[in-house]
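Undergrad: next one to model:
(4 chains)
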Protein chains: 4
Amino acid sequence: MEHTMGADNQIETWQEVTLVYNSALKQINTKLEVLNDEFQHVHQYNPIEHIKSRIKTPESIVKKLKRHGYESDIENMVRYVNDIAGIRVICSFTSDIYRIAEMIRLQNDIHVVTVKDYIRNPKPSGYKSYHMLVTVPVFLSDRTVEVKVEIQIRTVAMDFWASLEHKIKYKFEGNAPEHVKNELVECSRMVSELDQRMQELNEEIKGFAMEA
Amino acid sequence: MEHTMGADNQIETWQEVTLVYNSALKQINTKLEVLNDEFQHVHQYNPIEHIKSRIKTPESIVKKLKRHGYESDIENMVRYVNDIAGIRVICSFTSDIYRIAEMIRLQNDIHVVTVKDYIRNPKPSGYKSYHMLVTVPVFLSDRTVEVKVEIQIRTVAMDFWASLEHKIKYKFEGNAPEHVKNELVECSRMVSELDQRMQELNEEIKGFAMEA
Amino acid sequence: MEHTMGADNQIETWQEVTLVYNSALKQINTKLEVLNDEFQHVHQYNPIEHIKSRIKTPESIVKKLKRHGYESDIENMVRYVNDIAGIRVICSFTSDIYRIAEMIRLQNDIHVVTVKDYIRNPKPSGYKSYHMLVTVPVFLSDRTVEVKVEIQIRTVAMDFWASLEHKIKYKFEGNAPEHVKNELVECSRMVSELDQRMQELNEEIKGFAMEA
Amino acid sequence: MEHTMGADNQIETWQEVTLVYNSALKQINTKLEVLNDEFQHVHQYNPIEHIKSRIKTPESIVKKLKRHGYESDIENMVRYVNDIAGIRVICSFTSDIYRIAEMIRLQNDIHVVTVKDYIRNPKPSGYKSYHMLVTVPVFLSDRTVEVKVEIQIRTVAMDFWASLEHKIKYKFEGNAPEHVKNELVECSRMVSELDQRMQELNEEIKGFAMEA
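TA: Predicted coordinates for the structure are as follows:
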């Protein structure tokens, strides 16, 4: 019988957390590779530029639990920290993001918990990305556990911006000077305009292909 | 709704065959990596030495169909050729083979079609290996197909022997001189004895660990 | 004794071309990984976002030789086609490009044949990238051959632009409609502005770090 | 100017040790891949079954220095511990081992420091393997360092034996019961006989190919 990791998850050590969440990342990664291969077969085109994944460090998990007022134990980690396993999918065009998200949604062994569309509703900082929190079954030798993975889908330009913003946030511990914040918002606006014009150009030449 | 690849599998080109069977190999590979990681976590020991996988070439698929009197079309490939996708798992000890096989059998998204235990019942040539024919779901963008994969599980010594035997079979087109065949059988017997004595030694020192 | 691949290179088949150029790509790739690791160690920062490499297809090599009026034989391939082996290095910032290029230049087993700086001097199409043609020694079992590799270094934004431009060039066989060409030039201008403002922001926060 | 890592190596932290020795492993690995590809091209045959590499843990480096009466500092590590970077090459046949060793020896950027042939002169325990201590140039951004790497070359059967022997040595801290030691020596003898008979069979069928 499958059961969602929670109070009764029998995960007792940090090593087990690492094992189970890493396995979940591997499975999501394989699913994305399969979809990318299929997409390329059908459309002669790779929607996925590249994929990065990471397990959150124990330090930042503990920090996050503390910030929300929870004790730092394994049970609380698994229950309250949704991004222990994170995977980032970088696409060429915004339209690819929604296509990939839809393909993930349709897989019947994946359960979509929440979706945050920071592309249609960017954060005040200018941050844009499509976030899905999903669970995926991980098949261990004696049981199947449903494990949470945060999938972030972005264009290359959004990812470029987000890397710099992350660095700035980290450096100023959230209190960047006003002109730095403003410049970031301005750059984010340029990213959107570039993404939009490049996508329009891409759509236009697709049209040409069909006429020919 | 899931459906097994068969008459209605909608696989129409060789490219699609490659895509779907490669995806199945990737998924089985990920499952094996997860099991190996777990096994190492629990037993401080990697049962899997390494893994190789391959897609059968169109030439040998056509040859196999012809040998069995079938037309060479995609439908017959998918229906009658069970080893289009093959994965080989190399273990240290014979006991690991049965452990890995059991772990695969217990996964509830895998269906075991047939098992051939050429370890307990070696071929007359001396060939030893554990074969499982399974199906695994492959999640495509618009459907889930159940794809057949042949899993061969062997010790390093069995694998070493099988590589040489394969080379000999290929070179003599099945008609190796009698003394070559006899020497192969003799080497196979040595492989078994070596595997058995090494495993007994391994079991014995495990006992020591428990006493200490 | 080392000798440059040329008239006496003893490369006689397409298979040998593939072997030798692939080996050169592997060696350059290893060198770049080592530099990236070192850079990260010293500056806590990966200058290289990712790396892609490819061997030119026989078809495009033949096409290129024909375009320049040469016979299609192995000797002419090795002598006149400089981008049989190509490697693309994607960086975050323009300043990283020049740092990577400088590091490659300083390696005493690499010989830099030519440099084309399409960042300071973009092509009329708007194309921007830093190209180095180098030779690297490939150690075969019985001799060392100096093999040509084209290294293209770009920012993520330049790479995004170049992918779309390549697709358009290919689709219209070099004769894209005027408004498509103009829009590409315009997007290239935006890429440069974005890269510049992002880099300035990055430089500015580095300054902050030193004051703190 | 190149210089061997030693008193003046300017390696000051464990992180730098890891960086430099890992880079050396990557370069040796690339060299071996190139040789394997070439060998396959010329002989339609992979002499290298697989490759494993590892950096010695700080704990075992310190232990080794202590055993030899040296202070545990970075300078002594680099000077006296020859197997900080180790790479293991697993071949099918004993003859492949000597071929690979010869190919490495001929590369003019590699310097062979010492060779220990535990195949012709096995250890009393039964241990068989071919060890080469080499130095390879690692190209850093501002200098080239010659880094020591221990290369161990073995057959699959020798490697199987060595894994079990290592486990036993570790478990009994060097003092295994007499009958365990004896059984290991006996198994080592079987490994040699199996390797020899398999190689003879392999040589014999090569002859057949030439006659045909």
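Undergrad: show me where chain A has its strands.
TA: In chain A, the segments counted as strands under DSSP state E are A:3-4, A:48-55, A:85-91, A:111-117, A:130-139, A:144-155.
Undergrad: mean pLDDT lowest where, among those?
TA: Note on these: lowest mean pLDDT is at strand A:3-4, with a mean of 42.
Undergrad: need the helix or strand of chain A with the lowest average pLDDT.
TA: strand A:3-4 (a mean of 42; mean pLDDT, DSSP states H and E).
Undergrad: who's the residue nearest the centre of chain A bridged to?
TA: In chain A, the C-alpha nearest the mean C-alpha coordinate belongs to residue A:152, at 1.7 Å (Cα atoms, centre = their mean). On the basis of DSSP bridges, residue A:152 is bridged to residue A:88, residue A:131.
Undergrad: OK, contacts around it?
TA: Neighbouring residues of residue A:152 by Cβ atoms under 8 Å, 6 or more residues apart in numbering or on different chains: A:86, A:87, A:88, A:89, A:129, A:130, A:131. Where C-beta positions appear, they are placed from N, C-alpha and C, glycine not excepted.
Undergrad: okay, and for chain A, where does confidence drop off?
TA: Along chain A, segments meeting pLDDT under 70 span A:1-10, A:208-212.
Undergrad: interface residues of it facing chain B?
TA: A:2, A:15-16, A:19, A:22-23, A:26-27, A:29-31, A:33-35, A:37-39, A:41-42, A:103, A:106-109, A:137-142, A:144 (Cβ under 8 Å from any Cβ of the partner chain).
Undergrad: now, of the residues you listed, which are buried?
TA: A:16, A:19, A:22-23, A:26-27, A:29-31, A:33-35, A:37-39, A:41, A:103, A:107, A:137-141, A:144 (16 or more other Cβ atoms under 10 Å in any protein chain shown).
Undergrad: sitting in helices, which of those do you find?
TA: A:16, A:19, A:22-23, A:26-27, A:29-31, A:33-35, A:37-39, A:41, A:103 (DSSP state H).
Undergrad: surely residue A:128 touches residue A:191?
TA: Yes. Assessed by Cβ atoms under 8 Å, residue A:128 is found in contact with residue A:191 at 7.3 Å.
Undergrad: mind listing the shared neighbours of these two?
TA: A:158, A:161.
Undergrad: helices and strands around the longest helix seen in chain A, which ones?
TA: With secondary structure taken from DSSP H, chain A has its longest helix at helix A:178-211. Here helix A:178-211 touches helix A:94-106, helix A:156-171, helix C:156-171, helix C:178-211, going by 3 or more Cβ pairs under 8 Å, 6 or more residues apart in numbering or on different chains; DSSP states H and E.
Undergrad: now do the contacts for the closest residue in space to residue A:109 that isn't next to it in sequence.
TA: Distances taken as Cβ to Cβ, 6 or more residues apart in numbering or on different chains put residue A:137 closest to residue A:109, at 5.7 Å, once the chain neighbours are dropped. Applying Cβ under 8 Å, 6+ apart, we find residue A:137 in contact with A:2, A:27, A:109, A:144, A:145, A:146, A:147, B:109.
Undergrad: show me what residue A:137 is bridged to.
TA: The partner residues for residue A:137, given DSSP bridges, come to residue A:146.
Undergrad: and the nearest residue to residue A:49 once chain neighbours are set aside, how many neighbours?
TA: Take residue A:49 and drop its neighbours on the chain: the residue closest to it by Cβ to Cβ, 6+ apart is residue A:90, 4.5 Å away. Neighbours of residue A:90 under the rule other Cβ atoms under 10 Å in any protein chain shown: 23.
Undergrad: next one: residue A:69
TA: 7.
Undergrad: just residue A:113 next, same as before
TA: Using other Cβ under 10 Å: residue A:113 sits among 12 other residues.
Undergrad: who's in contact with it?
TA: A:82, A:133, A:134, A:135, A:148.
Undergrad: can you put these in JSON lines and add neighbour count?
TA: Converted to JSON lines, the contacts of residue A:113 look like this (neighbours: other Cβ atoms under 10 Å in any protein chain shown):
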{"residue": "A:82", "neighbour count": "16"}
{"residue": "A:133", "neighbour count": "16"}
{"residue": "A:134", "neighbour count": "22"}
{"residue": "A:135", "neighbour count": "18"}
{"residue": "A:148", "neighbour count": "21"}
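Undergrad: redo the residues you listed as TSV? Include distance to residue C:177.
TA: Formatted as TSV, those follow (distance: Cβ to Cβ, whole Å):
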residue	distance to residue C:177
A:82	48
A:133	44
A:134	42
A:135	48
A:148	48
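Undergrad: closest to residue A:70 among those residues?
TA: residue A:82 (13.0 Å; Cβ to Cβ).
Undergrad: measure that closest one to chain C for me?
TA: Distance, residue A:82 to chain C, using Cβ to the nearest Cβ, to the nearest Å: 26 Å.
Undergrad: what of residue A:137?
TA: 30 Å.
Undergrad: how near is that residue to residue C:103?
TA: Between residue A:137 and residue C:103 the distance is 45 Å, computed by Cβ to Cβ, to the nearest Å.
Undergrad: before we move on, what about residue A:201?
TA: Counting by Cβ to Cβ, the gap from residue A:201 to residue C:103 is 35 Å.
Undergrad: residue A:16 and residue B:42 touch, don't they?
TA: No. Using Cβ under 8 Å, residue A:16 is not in contact with residue B:42; the gap is 9.5 Å.
Undergrad: circling back: ok, and the most crowded of the contacts of residue A:152?
TA: residue A:89 (29 neighbours).
Undergrad: so it touches residue A:151, yeah?
TA: Yes. At 6.6 Å, residue A:89 counts as touching residue A:151 under the criterion of Cβ under 8 Å.
Undergrad: could you pull up the contacting residues of residue A:85?
TA: Applying Cβ under 8 Å, 6+ apart, the residues contacting residue A:85 are A:21, A:22, A:24, A:25, A:53, A:55, A:56, A:147, A:148, A:149, A:150.
Undergrad: kindly recompute the last result at 6 Å.
TA: A:21, A:24, A:25, A:149 (Cβ atoms under 6 Å, 6 or more residues apart in numbering or on different chains).
Undergrad: which bits of chain A sit near chain C?
TA: Counting by Cβ under 6 Å from any Cβ of the partner chain, chain A comes close to chain C at A:50, A:156, A:160, A:164, A:168, A:171, A:183, A:187, A:190, A:194, A:197-198, A:201, A:205.
Undergrad: now do the phi/psi pair for residue A:107.
TA: phi -70, psi 120 (degrees, to the nearest 10).
Undergrad: picking up where we left off before, return the member of the residues of chain A next to chain C nearest to chain B.
TA: residue A:50 (16.8 Å; Cβ to the nearest Cβ).
Undergrad: the closest one and residue A:96, how far apart?
TA: In this view, residue A:50 and residue A:96 are 13 Å apart by Cβ to Cβ.
Undergrad: and those two? which has more neighbours close in?
TA: residue A:96 (22 against 15).
Undergrad: ok, now which ones touch the residue nearest to that one when sequence neighbours are not counted?
TA: Nearest residue to residue A:96, sequence neighbours excluded (Cβ to Cβ, 6+ apart): residue A:47, at 3.9 Å. By Cβ under 6 Å, 6+ apart, the contact set of residue A:47 is A:39, A:91, A:96.
Undergrad: one more pass at 10 Å, please.
TA: Counting by Cβ atoms under 10 Å, 6 or more residues apart in numbering or on different chains, residue A:47 touches A:32, A:35-36, A:39-40, A:89, A:91-93, A:95-97, A:99-100, A:103, A:153.
Undergrad: in this structure residue A:139 contacts residue A:23, no?
TA: Yes. Using Cβ atoms under 10 Å, residue A:139 is in contact with residue A:23, at 8.3 Å.
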